[in-house]
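Chemist: fold the following.
(one chain, ligands or ions: 1)
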Amino acid sequence: MKPHRSAPVTALHGIARVPGDKSISHRALMFGALAVGRSTVTGLLEGEDVLRTAGALRAYGANVERVETATGPEWRIDGVGVGGLSEPADVIDMGNTGTGVRLLMGLAATHPITTFFTGDASLRRRPMARVTDPLSLMGARFTAREGGRLPLAVTGATTATAIEYTLPVASAQVKSAILLAGLNARYDTTVIEPEPTRDHTENFLRAYGATVKIENLARGGRAITLTGQPELRPQTVVVPGDPSSAAFPVVAALLVPGAEVLVENVGINPLRTGLFDTLREMGADITYRNRREAGGEPVADLLVKHGSLRGVVVPPERAPSMIDEYPVLAVAAAFASGRTEMRGLGELRVKESDRIAMMAKGLKACGVKVEELPDGLIVEGGRPAGGARVETEMDHRIAMSFLVMGLATREPVGIDDAAMIDTSFPGFIALMNSLGARIDPA
Ligand code: S3P
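Modeler: Model (predicted):
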């Protein structure tokens, strides 16, 4: 355990560069491993989660290498081709990464090999039936713990069945697991999502040369159809900065009086920017500068200035585009005038921790009035006292959210463990301190 403490500061200034996008980084490695030939990736998030995916792909027979070049690290992946994964010789431990394990289950499900997956205490608590159910329909066989949890074994189908599947929950992980499985199924696999979720997998499929058809349905839904057994062509991928990581310096800059921070090179795919939209509705001064494209994704530099925020009702249908950002939004809401209502967040209960419960508990400990709903939070804003030590339950985003909070409360805020931050945002504490934060071991 690495307990830390964040103390109130009077200024936050400078330029920040956040690490590569986690969702895109996992996919960049996986697509590289499935292509025929060598892909290169720059800007990859070198956090624990993504490194677990790299390790797993090596166990499946892909050559994954990190090379230091004059312009920074480059990852080179020699792919084995769709259908070419070999059976891992040992159990694959995916650590804390839900995205990594669920997407890899998709790959494994349509290769005739057996994989044993496990993970850390947080990952072993998380539901897996949401992926094992559809992948079973495609012909994979799973043996899992009670409730479909890790550790589990999967034996992939020899001849996979293409399916049409309607997602019961809005989840890019489930969508992606099925599409990745569909790569090695004959004929067409269709995933119907009632609400649009991040589309990085679809973007990768197209960029690597697969045939994907996307049909817009009523009320924002989509039907995504993939033609199976393509030959994927290797690519050069540039990973943009992660908007879900940018969220922390952005909210910090909004809360610390007089702050002005430029967060460079942030991905602004509209299926990821719900937090920035919401903060602007709360009155935040956030400007997108120098909009451009990097690696097929829209990117901008975010200029953020301190200012007062007002409470809002966050539309529940926005949840998929900011699902990982509610913890830090709840922190911002604690400093706003009036109440902020967040609903439609049932999924937050099955993230790295039960984020609804953890935020409610931590905010209350810091003197904030919060109501916990089955699928949401209502936060009464003000000037929170802080002065508490908050539990994080192995959840990197809970840890970072409360360290951001402590920069603007009356008293410092402590967290029981900062170790998990490295899963998604290595260098978070050094970066925040370089802007003027005071986050230290406690
Ligand atoms: C992710 C999808 C989301 C998100 C996670 C990353 C992805 O999970 O919370 O951090 O890369 O596909 P769900 O699909 O479970 O909502």
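
Chemist: only C-alpha atoms for contact and neighbour calcs from this point on.
Modeler: Will do.

Chemist: what is the burial count for the residue in the stretch 301-442 of the chain that the ligand sits nearest to?
Modeler: For the stretch 301-442 of the chain and the ligand, the shortest gap (CA to the nearest ligand atom) falls at residue 324, measuring 5.2 Å. Burial of residue 324 is recorded as 21 neighbouring residues (other CA atoms under 10 Å).

Chemist: for it, what are its contacts?
Modeler: Residues in contact with residue 324 (CA atoms under 8 Å, 6 or more residues apart in numbering) are 244, 397.

Chemist: try it again at 6 Å.
Modeler: Contacts of residue 324 were listed using CA atoms under 6 Å, 6 or more residues apart in numbering, and none were found.

Chemist: begin at 15 from now on, thanks
Modeler: Let's use 15 as the start, then, which means that last one is residue 338.

Chemist: can you classify it by secondary structure?
Modeler: Taken by DSSP: H, G, I helix; E, B strand; the rest coil, the conformation at residue 338 corresponds to helix.

Chemist: can you check the pLDDT for it?
Modeler: The score at residue 338 is 98. That number is its pLDDT.

Chemist: and it, how far from residue 260?
Modeler: Note on residue 338: its distance to residue 260, by CA to CA, to the nearest Å, is 12 Å.

Chemist: ok, now residue 271?
Modeler: Counting by CA to CA, the gap between residue 271 and residue 260 amounts to 19 Å.

Chemist: and these two? Which one has more around it.
Modeler: A direct count of neighbours by other CA under 10 Å for residue 271 and residue 260 places residue 260 higher, at 22 against 17.

Chemist: which element is the more buried one on?
Modeler: Mapping residue 260 onto the secondary structure by DSSP states H and E places it in helix 257-269.

Chemist: ends of stretch 261-279, what's the gap?
Modeler: With CA to CA as the measure, stretch 261-279 spans 13 Å from end to end.

Chemist: ditto for stretch 76-94
Modeler: Where stretch 76-94 starts and where it finishes are 6 Å apart, if you go by CA to CA.

Chemist: how far away from the center of its chain is that stretch?
Modeler: A distance of 22 Å separates the centroid of the chain from that of stretch 76-94, by CA atoms, centre = their mean, to the nearest Å.

Chemist: equivalent analysis for stretch 276-289, please.
Modeler: Offset of stretch 276-289 from its chain centre (CA atoms, centre = their mean): 13 Å.

Chemist: who in the stretch 115-264 of the chain is up against the ligand?
Modeler: Those residues of the stretch 115-264 of the chain that sit near the ligand, judged by CA under 6 Å from any ligand atom, are 185, 186, 187, 188.

Chemist: again, 5 Å this time
Modeler: Within the stretch 115-264 of the chain, the positions near the ligand by CA under 5 Å from any ligand atom are 185, 186, 187.

Chemist: quick one: which of the residues you listed sit in helices?
Modeler: Members of those lying in helices (criterion: DSSP state H): 186, 187.

Chemist: can you list the domains in the protein?
Modeler: 18-34+255-455, 36-241 (automatic domain parsing).

Chemist: relative to residue 248, which of these is closest?
Modeler: Using CA to CA as the criterion, the shortest distance between residue 248 and those is 4.7 Å, found for domain 36-241.

Chemist: isn't there a strand covering residue 301?
Modeler: Yes. Counting by three-state DSSP, residue 301 is found in a strand.

Chemist: report pLDDT for residue 232.
Modeler: At residue 232, the model reports a pLDDT of 86.

Chemist: now do it against the ligand, distance only.
Modeler: Remark: distance between residue 232 and the ligand (CA to the nearest ligand atom, to the nearest Å) = 21 Å.

Chemist: neighbours of that residue, how many?
Modeler: For residue 232, the neighbour count with other CA under 10 Å is 8.

Chemist: distance of it relative to residue 417?
Modeler: The spacing between residue 232 and residue 417, counted by CA to CA, is 41 Å.

Chemist: equivalent analysis for residue 130, please.
Modeler: As for residue 130, its distance to residue 417 is 36 Å (criterion: CA to CA).

Chemist: neighbour count winner among the two?
Modeler: More neighbours surround residue 417 than the other of residue 130 and residue 417, with 31 against 21 (other CA under 10 Å).

Chemist: assign the more buried one to helix, strand or coil.
Modeler: Here residue 417 is helix, with the state taken from three-state DSSP.

Chemist: got a list of what it touches?
Modeler: residue 20.

Chemist: okay, helices next: where are they in the stretch 315-456 of the chain?
Modeler: Using DSSP state H, counting those that start in this stretch, the helices assigned to the stretch 315-456 of the chain run over residues 340-348, 369-379, 410-419, 442-449.

Chemist: can you redo the ones you listed as a markdown table with distance to the ligand?
Modeler: Shown next, in a markdown table, are the helices of the stretch 315-456 of the chain (distance: least, CA to the nearest ligand atom, whole Å):
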| stretch | distance to the ligand |
| --- | --- |
| helix 340-348 | 11 |
| helix 369-379 | 11 |
| helix 410-419 | 10 |
| helix 442-449 | 17 |
